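1. Below are the sequence and a predicted model; questions follow.
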Amino acid sequence: MKPGVLFLISALCIGVTGQMAPAFAEDRDARREGRALTKPCKACHDLRRKKRKFGPHLVGIVGRPVASADRYKYSEPLKALGGVWTEERIATFINDPKAYAPGTNMKFKGFNDMTKAHLAAAYLARKSAR
């Protein structure tokens, strides 16, 4: 291979990896923080299996109709919400469950911090995907 071509390939590799490394690090940090933030969720919800714990499973939660997991008795306020779960809707709910659905069975107090709620919702969406 000609020295000029080798130099060009090396320069491109360094340029691409140099710019992409921070993005990978940010994504890794967001996943790590999301995992830490969702530890309380895992106490009551299963993310990987359609198994009911204290609360309904969260498998495939994004895109699933609200209050629709089999064999779980949802509160009337949550059933009345209708629609489907989106990442944004999950974030709003877990930020302050009692304000979002007054009378919900959810025992978690909420994050009261939308940044944390968004990180947790993104992590839940990824981990609970079918």
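-> Everything's here; your move. Fair warning: this is a prediction, and the values are worked out from it, not measured in the lab.
2. Ranking helices and strands of the chain by mean pLDDT, which lands last?
-> Least confident helix or strand, the chain: helix 3-37 with a mean of 60, by mean pLDDT, DSSP states H and E.
3. avg pLDDT for the next helix or strand after that helix?
-> Once the chain leaves helix 3-37, the next helix or strand it forms, by DSSP states H and E, is helix 39-44. Confidence for helix 39-44, expressed as mean pLDDT, is 89.
4. Could you do stretch 85-94 as well?
-> Rounded mean pLDDT across stretch 85-94 is 97.
5. Got the domain ranges for the chain?
-> 1-33, 38-127 (automatic domain parsing).
6. tell me which residues in stretch 101-120 are buried?
-> The neighbour-count check on stretch 101-120 (16 or more other CB atoms under 10 Å) flags 101, 104-106, 108, 110-111, 116-120 as buried. In short, each C-beta sits where N, CA and C put it, glycine included.
7. Can I get the residues you listed in a markdown table including pLDDT and distance to S75?
-> As requested, those are exported to a markdown table (pLDDT from 0 to 100; distance: CB to CB, whole Å):
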| residue | pLDDT | distance to S75 |
| --- | --- | --- |
| A101 | 96 | 7 |
| T104 | 94 | 5 |
| N105 | 93 | 5 |
| M106 | 93 | 8 |
| F108 | 94 | 14 |
| G110 | 95 | 16 |
| F111 | 94 | 20 |
| K116 | 92 | 24 |
| A117 | 94 | 20 |
| H118 | 94 | 24 |
| L119 | 92 | 26 |
| A120 | 92 | 21 |
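8. In helices, which of these fall?
-> Mapping these onto helices (DSSP state H) picks out 116-120.
9. Between the residues you listed, which sits nearest P40?
-> When those are compared for distance to P40 (CB to CB), A120 wins out at 9.1 Å.
10. How many residues are close by I90?
-> 21 (other CB atoms under 10 Å).
11. Double-check that it belongs to a helix.
-> Yes: counting by DSSP: H, G, I helix; E, B strand; the rest coil, I90 is found in a helix.
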